[in-house]
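**Q** with the input below, show me the fold.
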Amino acid sequence: MKSWKRTYQNEKYLYVLALPGLLFFILFKYVPLWGLSLAFTEYSPYVGLLKSQWVGLKHFESFFSNPDFWMLLRNTLAISFLNIIFFFPMPIILALLLNEVRSTAYKKWVQTAIYLPHFLSWVVIVGICFLTISGSGIINKLIVDAGGKAIPFLTNADYFWGMLTLQTIWKESGWGTIVFLAALAGINPELYEAARMDGANRWRQTIHVTLPGIKTTIVILLILRLGQVLDTGFEHIYLMSSSAVTEVADVFDTYVYRVGIQSGRFSFATAVGIFKSIVGLILVVGANRLAKKFGEEGVY
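**A** Down below sits the predicted model:
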């Protein structure tokens, strides 16, 4: 007790600084946890949560036995893993390229240009996409003028996952470079000097100095990204969806909105949310343990 009081007295201002963050997590992360009990009841807003009928795992059984479950799982995992394979490396590549730019003014201009899409809503991004690749869009007009046939980008299911991935890369890659640029700034310059003295060119310096210097940051962000593997972004997919591509566009988030929220099945929607959270937790724990086995720090 005395030790705790002494620590508090010495670090009281740090505790004060941490207080807003702690209150945020308590109010918006921990207090709402009581609402998870909705998944085990037949919730009715007319009688309230406490008086709603307890149904146990009924909603989970209904969800897993639904014939659409495997389609939803396939679409969600496909979109997520495409983002991990193609989107996740892009901020790293951009950060490495920006790190090689010697002109400060040009570097700031490029950073501003690639940060800008992050501040645009998905409504704007999808609107630009529609104007560009729709049947009467600029790209199809150029194809037709060149003697080809218009390509149905927006109504062909084969293009849907690719379009989502490209839009995510364009919108978020620049913003994602911030963390990696900060990590690059923390690398000891003496390591580069030693590498140059050993005859290493810029490519070898990147391979043997730069990438090892930011490896821990890459691993931590990848672990955190795996925890969101079932969160594919409702707004983005909902805006891009149409009846022509439902088979590849329907994911857990859109399914919950359509079947759970619009139909008033709040307990069912909560059950799906719990399933997503459990899968994310398992992936984070598993990836963290795997990272530690390979000598990395991990998230915890």
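**Q** tell me the mean pLDDT over stretch 286-295?
**A** Mean pLDDT, stretch 286-295: 82.
**Q** worst-scoring helix or strand of the protein, pLDDT-wise?
**A** helix 2-10 (a mean of 70; mean pLDDT, DSSP states H and E).
**Q** C-terminal to that helix, what's the next element?
**A** For helix 2-10, the succeeding helix or strand toward the C-terminus, using DSSP states H and E, is helix 12-25.
**Q** gap between that next one and the chain center?
**A** Put simply, helix 12-25 sits 27 Å off its chain's centre (Cα atoms, centre = their mean, to the nearest Å).
**Q** so what does the next helix or strand after it touch, helix or strand wise?
**A** Downstream of helix 12-25, the first helix or strand assigned by DSSP H and E is strand 41-42. Judged by 3 or more Cβ pairs under 8 Å, 6 or more residues apart in numbering; DSSP states H and E, the packing partners of strand 41-42 are strand 53-54. Where you see a C-beta, it was placed from the backbone N, CA and C, and this is true even at glycine.
**Q** what does the next helix or strand along the chain from the strand it packs on contact?
**A** Downstream of strand 53-54, the next assigned helix or strand under DSSP H and E is helix 58-65. Helix 58-65 is touched from outside by 39-40, 42, 69, 267-268, 270-272, 274-275, with contacts defined as Cβ atoms under 8 Å, 6 or more residues apart in numbering.
**Q** pull out the buried residues from helix 58-65.
**A** 58-60, 63 (16 or more other Cβ atoms under 10 Å).
**Q** let's test this: mean pLDDT of the helix or strand just after it, rounded?
**A** Once the chain leaves helix 58-65, the next helix or strand it forms, by DSSP H and E, is helix 69-82. Averaged over helix 69-82, pLDDT sits at 93.
**Q** which residues touch helix 69-82?
**A** With Cβ under 8 Å, 6+ apart as the test, helix 69-82 has contacts from 63, 161-162, 164-165, 228-232, 237, 247-252, 255.
**Q** type out the ChimeraX command that picks the buried ones from these.
**A** Applying 16+ other Cβ under 10 Å to the contacts of helix 69-82, the buried members can be selected in ChimeraX as follows:
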select :63,161,164,165,228,229,230,231,232,237,248,249,250,251,252,255
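**Q** who's in contact with Pro45?
**A** Phe266.
**Q** what helix or strand does it sit in?
**A** For Pro45, there is no enclosing helix or strand under DSSP H and E.
**Q** about what we covered before: and the buried residues of helix 58-65 as JSON lines, adding distance to Val284 and pLDDT?
**A** Below are the buried residues of helix 58-65 laid out as JSON lines (distance: Cβ to Cβ, whole Å; pLDDT from 0 to 100):
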{"residue": "Lys58", "distance to Val284": "28", "pLDDT": "90"}
{"residue": "His59", "distance to Val284": "24", "pLDDT": "89"}
{"residue": "Phe60", "distance to Val284": "21", "pLDDT": "91"}
{"residue": "Phe63", "distance to Val284": "22", "pLDDT": "90"}
